[in-house]
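In: need a structure here:
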Amino acid sequence: MLDRGATTFWEDFNLDWLTGSGRIDEVVPAGVKDLHGDFGAYCYENFRHSLCHGWASGPTAWLSQHVLGIQPVAPGFRQVRITPQLGRLRWAEGTYPTPHGLIEVRHERKPDGSVESQIQVPPGVTIVP
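Out: Now for the predicted structure:
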């Protein structure tokens, strides 16, 4: 998806579509398959179907919990544990809504491999190890 210009997770996608296809963020040249118009169960003749749908927000929860490392420990997000798992990422940042307001985090991998985090939690939220 990224190789074809995606900025969201697509609802409808098959790896077989990649062969001979163009990017979705460019005009499709003659002789190149159009991911919007040539594929998908929800295509309409002569119309471009959408590759972005609400279900695609599902990865956001996983990314927030695992990459950003934000996990509630007590009911109502009164306590939170933040243990980022950056994998090969050099940095990650984001916000997480709670009943008390937004948790804001930025994690950055240092040259020695350690991760430095900037974390802001709203009043009423405590970070626990």
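In: now the strands: where do they sit in the protein?
Out: In the chain, the strands defined using DSSP state E lie at 70-72, 79-82, 91-98, 101-109, 115-120, 126-127.
In: same for the fourth one, what does it pack against?
Out: If I follow you right, that is strand 101-109. Contact partners of strand 101-109 among helices and strands, from 3 or more C-beta pairs under 8 Å, 6 or more residues apart in numbering; DSSP states H and E: strand 79-82, strand 91-98, strand 115-120. To be clear about C-beta, it is placed using only N, CA and C from the backbone, and glycine gets the same treatment.
In: take the ones you listed and write them to JSON lines, including mean neighbour count, distance to residue 63 and mean pLDDT.
Out: Formatted as JSON lines, the helices and strands packed on strand 101-109 follow (neighbours: other C-beta atoms under 10 Å; distance: least, C-beta to C-beta, whole Å; pLDDT from 0 to 100):
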{"stretch": "strand 79-82", "mean neighbour count": "17", "distance to residue 63": "14", "mean pLDDT": "97"}
{"stretch": "strand 91-98", "mean neighbour count": "16", "distance to residue 63": "8", "mean pLDDT": "95"}
{"stretch": "strand 115-120", "mean neighbour count": "13", "distance to residue 63": "16", "mean pLDDT": "97"}
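In: which of the ones you listed sits closest to residue 129?
Out: Residue 129 lies closest to strand 79-82 among those, at 7.2 Å (C-beta to C-beta).
In: give me the sheet partners of the closest one and which way each runs.
Out: strand 70-72 (antiparallel), strand 126-127 (parallel) (DSSP bridges).
In: dump those to TSV, plus mean pLDDT.
Out: Conversion of these to TSV gives the following (pLDDT from 0 to 100):
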stretch	mean pLDDT
strand 70-72	96
strand 126-127	96
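In: ranking the ones you listed by burial, who's on top?
Out: strand 70-72 (a mean of 18; mean count of other C-beta atoms under 10 Å).
In: contacts for that one next, please.
Out: 64-65, 79-83, 96, 98, 103, 105 (C-beta atoms under 8 Å, 6 or more residues apart in numbering).
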